[in-house]
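1. output the structure for:
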Amino acid sequence: MSQQSEILNYLKRGKSITPKQALSMFGCLSLAQRIADLKHKDNMPITKTMIKVSKNTHVARYSLGNK
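-> Purely as a prediction, here's the structure:
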């Protein structure tokens, strides 16, 4: 199964994912690219929310729909 398919299946279960989680779970070094592929090639309604992980650092969290 491709990383893109694994990530999509994970999101379809109602979960959200960050780049660190994608690396740990799927060995995905470029979550943003996999998400772009899903959004633009497969027309998936994936949303991005920026979350604060430390004083000056934010990371993207992706989910399906408006989660």
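
2. separation between the closest residue to Pro19 other than its chain neighbours and Ser24?
-> Sequence neighbours aside, Leu31 is the residue nearest to Pro19 in space, at 4.5 Å (criterion: Cβ to Cβ, 6 or more residues apart in numbering). Glycine gets a C-beta too; all of them are placed from N, C-alpha and C. According to Cβ to Cβ, to the nearest Å, Leu31 and Ser24 sit 11 Å apart.

3. between those two, which has more neighbouring residues?
-> The neighbour comparison of Leu31 against Ser24 (other Cβ atoms under 10 Å) goes to Leu31, with 21 against 10.

4. the more buried one is in contact with Ser16, isn't it?
-> No. Leu31 is not in contact with Ser16 according to Cβ atoms under 8 Å; the separation is 11.4 Å.

5. overlap of the contact sets of the two?
-> Tyr62 (Cβ atoms under 8 Å, 6 or more residues apart in numbering).

6. need the strands for the chain, in chain order.
-> 46-54, 57-64 (DSSP state E).

7. okay if I get those strands as JSON lines plus distance to Ile7 and mean pLDDT?
-> Formatted as JSON lines, the strands of the chain follow (distance: least, Cβ to Cβ, whole Å; pLDDT from 0 to 100):
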{"stretch": "strand 46-54", "distance to Ile7": "9", "mean pLDDT": "94"}
{"stretch": "strand 57-64", "distance to Ile7": "8", "mean pLDDT": "96"}
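
8. any idea which of the ones you listed is most buried?
-> strand 57-64 (a mean of 16; mean count of other Cβ atoms under 10 Å).

9. tell me the angle it makes with strand 46-54.
-> Angle between the axes of strand 57-64 and strand 46-54 is 150 degrees (criterion: axes from the mean of the first three to the mean of the last three Cα atoms, to 10 degrees).

10. check the offset of strand 57-64 from the chain's centre.
-> 7 Å (Cα atoms, centre = their mean, to the nearest Å).

11. one more: stretch 9-23?
-> 5 Å.

12. ends of that stretch, what's the gap?
-> Using Cα to Cα, to the nearest Å, the span of stretch 9-23 from its first residue to its last is 16 Å.
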